[in-house]
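**Q** Need a 3D model of the sequence below.
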Amino acid sequence: MVLHKVADVNSKPLKFEDVSEPLPRGDEVRVKIENCAVCRTDLNVVEGDLPAPSRSIIPGHEIVGRIDSVGDGVKNLAAGDLIGIPWLHSTCGTCEYCVTGRENLCDNKVFTGYTVNGGYAEYALGREAYVFELPQETNSAEIAPFFCAGIIGYRALKLALPAPGGRIGFFGFGGSAHITLQLASKLGYETVVYSRNPSHLKLAQELGASETVQTKDIGPEKTLDGAVVFAPIGEVAIEALKQLKKGATLSIAAIHMNSIPSIDYDRDLFGERRIMSVESNTRADAREFLALARRLKLEARVTIRKLEEANEALIDLKKGSIDGAFVLDCRSE
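**A** As a prediction, this is how the structure comes out:
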C-alpha cells in the first residue's frame, strides 16, 4: 500500500500496487511480513501532519514477520527467525544523544514507514541491531501493536510514574493507552481512564482500570499523581494538567498535537508540576517493555483487516471507531 502524495485519509490515498521485493544489504534482514499494526502515527504520515516524505513511501512500523533472507553483514539472525520491526529503524550512533543513551533524540534518526519503506506490504527490511527477536510461538497479530503503541506508551508511563501505589490518569484510550493501562494496573498503580467514548471506557474497565470517567464529567479536584495524554488534542493536555497534584508529571505520548491553549500558571502549573513530551524510544525501552509484557501477560485487543483495507482501517482509526488496535494481515493469499 503505497503513499505517493499526502492527503486526507478519506480520499483513500494509499494505492495497492506491485513493487519490487527489497534486497537486504550489509546488516539488513528481510522479513516476510505476517502482520503490521495500524498506528496513529501512520495517519499523521498519510495526512501530512508530519513533514511530507521526500518520495513515495510504504507506511507501517509495527511489523512482525519471519526473516527470509539476510545481508552479508548479519551475524546473529537467520532465516526463519520471528522478529518485530519498530518505528525506530536506526540512528547515527555517534552524536551527543546516541553516545549518552538518548538515541531517541538523535537528529539523524531513520523511521520505519516514514523515511524508509514500512510494513503495509508483504516484505520489509530491518537493521539487525534495531529489530527484536521473538519466541517462535508468538502470535504475530496480537504482538504487532507492541512495537510502537506498547513501547511508546511504556516510555510515556516511565516519565509520568508517581511513587508506588500512586494514582495515574490516562487521557484518550486508543491502541497505546489500552496496553499501557494494563501495565500500570499490574504494577500496582491506581489507574483512571478519561474518554468521551463509552465503548472505550467499557474496554478500560475490562482491562483493569480502577476508575473510568466520561470527559464531560471531569471535576475540578486535583486528584492525580501523574498523567499520560494519548489524544493528539491540545485542549486535552490542559484538562489533564488541571487534574495534577503538586509535584506531578504530565507526559504527552503524541508525535503530533494541535496547539495547546494558554496555561493558567498559578492554578495548573505552579507547585512543581511538569509537562514532558515523548520523542520516539530507545532500544532499551523496547527491551524493557517486551520483557515486562511477557512476564505480566499484557494483551493487545486487535481487529484484523486485510492489507488492501489499510485506507479503511485508517479512516476508522481517525473516527475513533475501534476498541484496541487494527492489525493488517499482510500474508498473500
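**Q** which other residues reach the host helix or strand of V46?
**A** Using DSSP states H and E, V46 sits within helix 40-47. Residues outside helix 40-47 that contact it (CB atoms under 8 Å, 6 or more residues apart in numbering): 3, 6-9, 13-14, 49-50, 53, 57, 59-61, 87, 113-114, 120, 148, 174-176, 232, 254-256, 314, 317-318. Every residue, glycine included, has its C-beta placed from N, CA and C.
**Q** hmm, try it at 6 Å
**A** For helix 40-47, the surrounding residues in contact (CB atoms under 6 Å, 6 or more residues apart in numbering) are L3, V9, L50, P59, Y114, I255, H256, L314, L317, K318.
**Q** what's the answer for stretch 82-101, then?
**A** 61, 63-64, 66, 103, 105-106, 108-112, 116, 126-127, 130-134, 136, 138, 147-148, 280.
**Q** So what's the model's average confidence on it?
**A** Taken as a whole, stretch 82-101 has an average pLDDT of 98.
**Q** Return that stretch as CSV; C-alpha atoms alone will do.
**A** The C-alpha trace of stretch 82-101 is given here as CSV (Å, rounded to 0.1, in the frame of the first residue of the first chain):
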residue,chain,number,x,y,z
LEU,A,82,10.5,-14.4,14.1
ILE,A,83,11.2,-10.7,14.7
GLY,A,84,9.5,-7.4,15.3
ILE,A,85,10.5,-4.2,13.5
PRO,A,86,9.6,-0.9,15.3
TRP,A,87,9.3,2.8,14.4
LEU,A,88,12.9,3.5,15.2
HIS,A,89,14.7,2.0,12.2
SER,A,90,18.2,3.3,13.0
THR,A,91,20.2,6.1,14.5
CYS,A,92,23.6,7.6,13.7
GLY,A,93,25.2,6.1,16.8
THR,A,94,27.8,8.9,17.2
CYS,A,95,26.0,12.1,18.1
GLU,A,96,25.8,13.6,21.7
TYR,A,97,22.4,11.9,22.2
CYS,A,98,23.4,8.5,20.9
VAL,A,99,26.6,8.2,23.0
THR,A,100,24.7,9.3,26.2
GLY,A,101,21.9,6.7,26.0
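**Q** In it, which residues are buried?
**A** Across stretch 82-101, burial judged by 16 or more other CB atoms under 10 Å covers 82-91, 95, 97-98.
**Q** hmm, which two among those are most spread apart?
**A** Spatial extent of these (CB to CB) is set by the pair L82 and C95 at 31.8 Å.
**Q** sorry, back to before: among the contacts of helix 40-47, which one sits closest to V236?
**A** Of all the contacts of helix 40-47, V236 sits closest to H256, with 13.5 Å by CB to CB.
**Q** Next, the closest one: secondary structure please.
**A** Secondary structure for H256, judged by DSSP: H, G, I helix; E, B strand; the rest coil, is coil.
**Q** which ones are touching it?
**A** Taking CB under 6 Å, 6+ apart, we find H256 in contact with N44, D49, P232.
**Q** Report pLDDT for the last one.
**A** In this case it means P232. Among the per-residue scores, P232 holds a pLDDT of 94.
**Q** pretty sure it contacts A254?
**A** Yes. Contact status for P232 versus A254: in contact at 4.6 Å, counting by CB atoms under 6 Å.
**Q** When those two are compared, which one has more neighbours?
**A** Applying other CB atoms under 10 Å to P232 and A254 shows that A254 carries more neighbours, namely 24 against 21.
**Q** State the distance from that one to E239.
**A** From A254 over to E239 the distance is 14 Å, taken as CB to CB, to the nearest Å.
**Q** Can you tell me the closest non-neighbouring residue to S277?
**A** I252 (5.2 Å; CB to CB, 6 or more residues apart in numbering).
**Q** what bits of the stretch 151-300 of the chain have low per-residue confidence?
**A** Scanning the stretch 151-300 of the chain for pLDDT under 70 picks out no residues.
**Q** In it, what residue spans correspond to helices?
**A** For the stretch 151-300 of the chain, the helices defined by DSSP state H, counting those that start in this stretch occupy 175-186, 198-206, 234-242, 283-296.
**Q** relative to helix 175-186, how tilted is the helix holding V46?
**A** Angle, helix 40-47 to helix 175-186, by axes from the mean of the first three to the mean of the last three CA atoms, to 10 degrees: 170 degrees.
**Q** quick one: helix 40-47 to chain centroid distance?
**A** Centroid separation for helix 40-47 versus its chain: 12 Å, with CA atoms, centre = their mean, to the nearest Å.
**Q** What's the mean pLDDT across it?
**A** Helix 40-47 comes out with an average pLDDT of 97.
**Q** What residues of that helix count as buried?
**A** Under the neighbour-count criterion of 16+ other CB under 10 Å, helix 40-47 has R40, T41, D42, L43, N44, V45, V46, E47 buried.
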